[in-house]
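# Could you look at this predicted model? Sequence included:
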Amino acid sequence: MTNINQNTLHTHDDHHQHPHYFLPFLLILIFAIVEVVGGLWTESLALLSDAAHMFSDVGALALAWLASAIAHKSSAVRHRSGVSFAELAVSIVNVITMLMVIVWVTLEAIARFKHPHQVQGFGLMLISTLGLVVNVVVAKLMHQHALHEGASLNARAAFLHVVGDLLGSLAAVLAGVVIYFTGWMLIDPILSLFISILLLLFTLNLLRDIWQTLRGGASVVQHTHSH
């Protein structure tokens with residue numbers, strides 16, 4: 001009876017999962033391109049790092065979309081914990097890409113402490129504010145989807161990328177405001193570094209949950225065999 005209900009739920013989810021991924025994917029892809037152009041124009045690390053987050057999101061959402069579609073099939077190959085291997089693999093890939101973005105932003109921020117760039121505060125403020133609006137919309141859509149999927153690792157990993165974008169946009173807005181009104185250029189790498197630290201904490205938390213899922217599945221099997 002449980003299997004029938006789960007299959008029914010999966011079938012029902014198939015009709016709803018694609019719009020939840022498609023619209024965020026499209027919005028992020030379009031604005032990531034805008035932020036790259038804007039980041040090069042303003043020479044802002046905060047804006048370029050947010051653009052890097054958004055491009056990593058494009059791949060993360062595409063993979064999450066694919067994994068979600070595979071996981072909802074009754075023939076999907078699953079780990080001993082019950083989570084599909086597709087979702088586990090995509091969650092791990094998304095965590096790794098986020099760590100790569102964090103490392104890049106951190107190294108670039110350290111370099112800019114030594115050699116500050118002249119950032120155009122008004123342009124940064126304008127573009128990052130638009131980015132913040134886009135990311136708020138996308139975060140709301142992805143948060144609803146994460147709840148809809150029962151907060152799976154796959155949905156949480158995709159949502160982590162979106163949260164990274166939201167924080168990055170907020171940092172870029174604050175950097176633009178400070179630079180425009182005070183001319184203090186170091187705020188750009190300072191906020192970028194601060195956001196990277198927050199993202200690292202979120203990423204490590206998700207990585208811990210993935211590890212516990214993998215370990216938990218193995219423990220269950222060993223316990224079953226011992227009986």
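Yes, it's here. Numbering: from 1, shown residues only.
# now the helices: where do they sit in this structure?
In the chain, the helices defined using DSSP state H lie at 2-42, 45-71, 85-114, 121-148, 153-182, 187-226.
# Redo the ones you listed as a markdown table? Include mean neighbour count and mean pLDDT.
C-betas here are computed from N, CA, C, even on glycine. Listed next are the helices of the chain as a markdown table, based on neighbours: other CB atoms under 10 Å; pLDDT from 0 to 100:
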| stretch | mean neighbour count | mean pLDDT |
| --- | --- | --- |
| helix 2-42 | 16 | 65 |
| helix 45-71 | 24 | 74 |
| helix 85-114 | 18 | 84 |
| helix 121-148 | 19 | 82 |
| helix 153-182 | 24 | 82 |
| helix 187-226 | 16 | 71 |
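# From the centroid of this structure, which residue is nearest?
With distances taken as CA atoms, centre = their mean, His161 lies nearest the centre of the chain, 0.5 Å away.
# So that one sits against Met98, correct?
Yes. The criterion here is CB atoms under 8 Å, and His161 meets it with Met98 at 6.3 Å.
# Give the intersection of the neighbour lists for these two.
Residues touching both His161 and Met98 by CB atoms under 8 Å, 6 or more residues apart in numbering: 56, 60.
# so who does the closest residue in space to Leu200 that isn't next to it in sequence touch?
In this structure, Leu200 finds its nearest non-sequential neighbour in Ile102, 5.4 Å apart by CB to CB, 6 or more residues apart in numbering. With contacts defined as CB under 8 Å, 6+ apart, Ile102 is in contact with 196, 199-200, 203.
# Against Ile96, how distant is Ile102?
11 Å (CB to CB, to the nearest Å).
# Show me how far stretch 24-42 is from its chain's centre.
Distance, stretch centre to chain centre, for stretch 24-42: 15 Å (CA atoms, centre = their mean, to the nearest Å).
# Please apply the same query to stretch 87-100.
10 Å.
# Please save the CA atoms from that stretch in CSV.
C-alpha atoms of stretch 87-100 as CSV (Å, rounded to 0.1, in the frame of the first residue of the first chain):
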residue,chain,number,x,y,z
GLU,A,87,20.1,12.8,-6.3
LEU,A,88,23.1,11.9,-4.2
ALA,A,89,25.5,12.4,-7.1
VAL,A,90,24.0,15.8,-8.0
SER,A,91,24.0,17.0,-4.4
ILE,A,92,27.7,16.1,-4.1
VAL,A,93,28.5,17.8,-7.5
ASN,A,94,26.6,21.0,-6.4
VAL,A,95,28.5,21.0,-3.1
ILE,A,96,31.9,20.7,-4.9
THR,A,97,31.0,23.5,-7.3
MET,A,98,30.0,25.8,-4.5
LEU,A,99,33.3,25.1,-2.7
MET,A,100,35.2,26.0,-5.9
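# right, and Val34 touches Ser128 too?
No. Val34 lies out of contact with Ser128 (CB under 8 Å); the separation is 10.7 Å.
# Not counting sequence-adjacent ones, nearest residue to Glu43?
His117 (4.7 Å).
# Would you confirm that that neighbour contacts Met185?
Yes. Taking contacts as CB under 8 Å, His117 lies within contact range of Met185: 6.7 Å.
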